[in-house]
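Colleague: Sequence and predicted structure below; questions after.
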2 protein chains.
Amino acid sequence: MLREQVRIELGERSYPIIIGPQLLSDAALLDAHVAARDLLIVTNETVAPLYLDTLTKSLRNRRVGTLVLRDGEQYKTLESFGTILDALIEGRFNRDAAVVALGGGVIGDMAGFAAASYQRGIDYIQVPTTLLAQVDSSVGGKTAVNHPKAKNMIGAFHQPRAVLADIATLASLPKREFSAGLAEVVKYGLIHDVEFLAWLERNVSALNARDPAAVAFAVRRSCEIKAAIVGADEREQGLRAILNLGHTFGHAIETATGYTEWLHGEAVAAGMVAAADLSHRLGWVSREDLQRTIDLLRRFDLPVAPPRIGADRARQLMGMDKKVLKGQLRLVLLKRLGAADIVSDYPEPALAATLESHFG
Amino acid sequence: MLREQVRIELGERSYPIIIGPQLLSDAALLDAHVAARDLLIVTNETVAPLYLDTLTKSLRNRRVGTLVLRDGEQYKTLESFGTILDALIEGRFNRDAAVVALGGGVIGDMAGFAAASYQRGIDYIQVPTTLLAQVDSSVGGKTAVNHPKAKNMIGAFHQPRAVLADIATLASLPKREFSAGLAEVVKYGLIHDVEFLAWLERNVSALNARDPAAVAFAVRRSCEIKAAIVGADEREQGLRAILNLGHTFGHAIETATGYTEWLHGEAVAAGMVAAADLSHRLGWVSREDLQRTIDLLRRFDLPVAPPRIGADRARQLMGMDKKVLKGQLRLVLLKRLGAADIVSDYPEPALAATLESHFG
């Protein structure tokens, strides 16, 4: 299979996303995209046994340190961030060293924030091994750790030097995690490309079977859409916020359940349904298109309703979200399938009705 | 006395430094330079009783939270950074809030790093209350906390929106801290402006007496020189490193003594003498000019020799410094009084001789 390449255009911070199978064992590819001679690979206890040896062997003529963290969103903390910095300092890594993030979004976000902060910023390379990370978190330079009271509250914008998305690594992904990644893929269709949404509907079976050609196309198209949006608004001053479709509702779910019961993509799926529901109440999305959204997510085995934590609790947890501007809760809503907007002047009773019907 | 203004030119990140007496009680000035309506003032237990009330009263029509940290370089840690973030989250500060750093360099560096990281970056305003912070650390956007094994290893480049240097606050500064600030003032003369160095020599008595006109000029000229250097090299790719004259030797002193015995400026003073000594051994600085440097620092009651920690230990601690590039120890040296350069091709025996004579 041919390799695909998508380029994130950000001036001197531009970088390539390479998509294809067997990238980790391709020493020539790594030589081409990893400039630093001193590397710290940050990974976790689940990913390390699967891919760490392969990657390390492919990194020729380099000094390679490794740090294996525990696996899980609950370890995406300032404490783990400190552990990565300890490893950089104890390994005497200099400013010209780079961090390689081998794993899912949690590893990528933490390792990226550590690279952003170590000596006020060194290079890092994303090697995402989950579908979610390949289509979303590894691309765009958002790095962060969680605060006990709110997700991704502490971080930096710091672009990687390259993203190497080896789709062969998705074979080892648990079914539930693969589905969670598909939630973000569906998101790209919903916010930007109704044709891609239709392609997804036609390829549900191939994607659920992880057919390599289908997966490679879905990853590439997702990255292309994200690249276009991030290229237009690197620091989330405006447009980029549409990438958060379903995330404000989703964060409420994740926070209420302590980041452990729901996978991020699952919370986003249920959150997107809530956002589509509110968009429907505002007359922007038809009942049929709302149902179409629900059906597609269901066919990917994703949850389409949040836990019944109560409308008041949901509202409170949404209020703590970063996307609150000047006390006014801004939400990403759908103007139609394939087009999103950031809205703060929706009628309050419509939000109340959505919260009541979804969280109540 | 008239107020002086120096502007840091960094495109959309440009900002003013206002220098003068009684800025903290000037509500109109604060209105003009503090745009945010929600503010968290971060200060410490020493500064708070002196200036927190004055500043808070001058911030009209705003929601103002305060966080009072313990005083000292030993609290410039990831833990204190976390405490500031806790206060931002518990105070439900949004992206349009700003952090106000009221205090010396430790407060400014920590509060700045917290502002850089909170929600991936919110505004901050520097209100430096020490001479060191007014002439150096509050200007230029370097933020950081210390790692137990190395100073300023964890941080970000994040420019403030404004720097308000109220020179009236220097009246309360202990003599030793005031002198430590003068070390950085001398540094600007040494690296960039021999005329300013001569002005300092003529005004030793006025400065030691904290004559307001003399202090205001020294702060302004220091900020002008720093502004020119930072404007040319915001992220320390090259030129900006000359601001670190004496700092590599100085960091070795501070690390060896656990950041507690020596003030930063004191370590820099002794470090600058070591750098001038090496510059002299390389034939760039005459014996008379080396002595002139030592004499000026002495007249400001600054130490001119490091503790006898041994040449090997000093070398080891310098090796951990950020300014090491590709394993080669780069040093800021003087080509002559008023001109510095970043040098890595000095003869090793000359460095050995300087280390032996200063640390041995």
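Modeller: Thanks, I have the structure now.
Colleague: List the buried residues in stretch A:158-175.
Modeller: Buried residues in stretch A:158-175, counted by 16 or more other C-beta atoms under 10 Å in any protein chain shown: A:158-170, A:173. Heads up, the C-betas are built off the backbone N, CA and C, glycines and all.
Colleague: Tell me the one among those nearest to A:Arg63.
Modeller: Among the buried residues of stretch A:158-175, A:Arg161 lies closest to A:Arg63 (C-beta to C-beta), at 17.4 Å.
Colleague: how close does the closest one sit to chain B?
Modeller: Using C-beta to the nearest C-beta, to the nearest Å, we find A:Arg161 at a distance of 16 Å from chain B.
Colleague: Need the per-residue pLDDT for A:Arg315.
Modeller: Listed pLDDT for A:Arg315 reads 89.
Colleague: which residues are contacting the helix or strand hosting it?
Modeller: Taking DSSP states H and E as the definition, A:Arg315 sits inside helix A:311-319. Helix A:311-319 is contacted from outside by A:248-249, A:251-252, A:255-256, A:306, A:309, A:329, A:352, A:355-356, A:358-360, B:92, using C-beta atoms under 8 Å, 6 or more residues apart in numbering or on different chains.
Colleague: quick one: which of those residues is nearest A:Ala27?
Modeller: A:Ala27 has its nearest neighbour among those in A:His251, at 40.2 Å by C-beta to C-beta.
Colleague: Check the secondary structure at the closest one for me.
Modeller: Three-state call for A:His251 (DSSP: H, G, I helix; E, B strand; the rest coil): helix.
Colleague: next one: A:Val99
Modeller: Quick answer, by three-state DSSP: A:Val99 is strand.
Colleague: all helices of the stretch 251-360 of chain A, in order?
Modeller: Applying DSSP state H, counting those that start in this stretch to the stretch 251-360 of chain A gives helices spanning A:264-281, A:287-299, A:311-319, A:348-359.
Colleague: Now do the last one, average pLDDT.
Modeller: Taken as a whole, helix A:348-359 has an average pLDDT of 94.
Colleague: Same question for it: list its buried residues.
Modeller: So for helix A:348-359, counting by 16+ other C-beta under 10 Å, buried means A:350-351, A:353-355, A:358-359.
Colleague: For it, give me every contacting residue.
Modeller: A:249, A:252, A:270, A:273-274, A:277-278, A:281-282, A:305-311, A:313-315, A:329, A:331.
Colleague: Try it again at 10 Å.
Modeller: The contact list for helix A:348-359 (C-beta atoms under 10 Å, 6 or more residues apart in numbering or on different chains) reads A:249, A:252-253, A:256, A:270-271, A:273-283, A:304-315, A:317-318, A:329, A:331, A:333, A:346-347, A:360.
Colleague: now the residues you listed: which count as buried?
Modeller: A:249, A:252-253, A:256, A:270-271, A:273-282, A:304, A:306-307, A:309, A:311, A:313-314, A:317-318, A:329, A:331, A:333, A:346.
Colleague: can you map out the strands along the stretch 101-250 of chain A?
Modeller: In the stretch 101-250 of chain A, the strands defined using DSSP state E, counting those that start in this stretch lie at A:123-128, A:142-147, A:150-157, A:162-166.
Colleague: I'd like those laid out as a markdown table, including mean pLDDT.
Modeller: A markdown table is the format used below for the strands of the stretch 101-250 of chain A (pLDDT from 0 to 100):
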| stretch | mean pLDDT |
| --- | --- |
| strand A:123-128 | 98 |
| strand A:142-147 | 95 |
| strand A:150-157 | 92 |
| strand A:162-166 | 97 |
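Colleague: what would those look like in JSON lines with distance to A:Leu239?
Modeller: Shown next, in JSON lines, are those (distance: least, C-beta to C-beta, whole Å):
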{"stretch": "strand A:123-128", "distance to A:Leu239": "22"}
{"stretch": "strand A:142-147", "distance to A:Leu239": "14"}
{"stretch": "strand A:150-157", "distance to A:Leu239": "15"}
{"stretch": "strand A:162-166", "distance to A:Leu239": "21"}
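Colleague: Out of these, which is the most enclosed?
Modeller: With neighbours defined as mean count of other C-beta atoms under 10 Å in any protein chain shown, the strands of the stretch 101-250 of chain A peak in mean count at strand A:123-128, which reaches a mean of 27.
Colleague: which other helices and strands contact that one?
Modeller: Identification of packing neighbours for strand A:123-128 by 3 or more C-beta pairs under 10 Å, 6 or more residues apart in numbering or on different chains; DSSP states H and E yields strand A:15-20, helix A:27-33, strand A:38-44, strand A:98-103, helix A:105-117, strand A:162-166.
Colleague: before we move on, what SS does the residue of chain A most remote from its centre have?
Modeller: Computed with C-alpha atoms, centre = their mean, the residue of chain A farthest from its C-alpha average is A:Asn61, at 31.8 Å. Recorded secondary structure, A:Asn61: coil (three-state DSSP).
Colleague: quick one: contacts for it?
Modeller: Contact partners of A:Asn61, counting by C-beta under 10 Å, 6+ apart, are A:27, A:31, A:37.
Colleague: and the nearest residue to the first one once chain neighbours are set aside, how far is that from A:Gly108?
Modeller: Once its chain neighbours are removed from consideration, A:Ala27 has its nearest residue in A:Ser58; the separation is 4.4 Å (C-beta to C-beta, 6 or more residues apart in numbering or on different chains). For A:Ser58, the distance to A:Gly108 (C-beta to C-beta, to the nearest Å) stands at 19 Å.
Colleague: who has more neighbours, the two?
Modeller: A:Gly108 (30 against 17; other C-beta atoms under 10 Å in any protein chain shown).
Colleague: Surely that one and A:Val127 touch.
Modeller: Yes. Using C-beta atoms under 10 Å, A:Gly108 makes contact with A:Val127 at a distance of 8.5 Å.
Colleague: who touches both of these two?
Modeller: Contact criterion C-beta under 10 Å, 6+ apart; residues shared by A:Gly108 and A:Val127: A:42, A:101-102, A:133-134, A:138, A:160, A:163.
Colleague: quick one: which of those residues is nearest to B:Arg202?
Modeller: A:Pro160 (52.9 Å).
Colleague: How about the contacts made by the closest one?
Modeller: Contacts for A:Pro160 (C-beta under 10 Å, 6+ apart) come out as A:8, A:13, A:15-17, A:98-101, A:108, A:111-112, A:115, A:123-127, A:138-141, A:143.
Colleague: Would you quantify the distance from it to A:Asp136?
Modeller: Remark: distance between A:Pro160 and A:Asp136 (C-beta to C-beta) = 13 Å.
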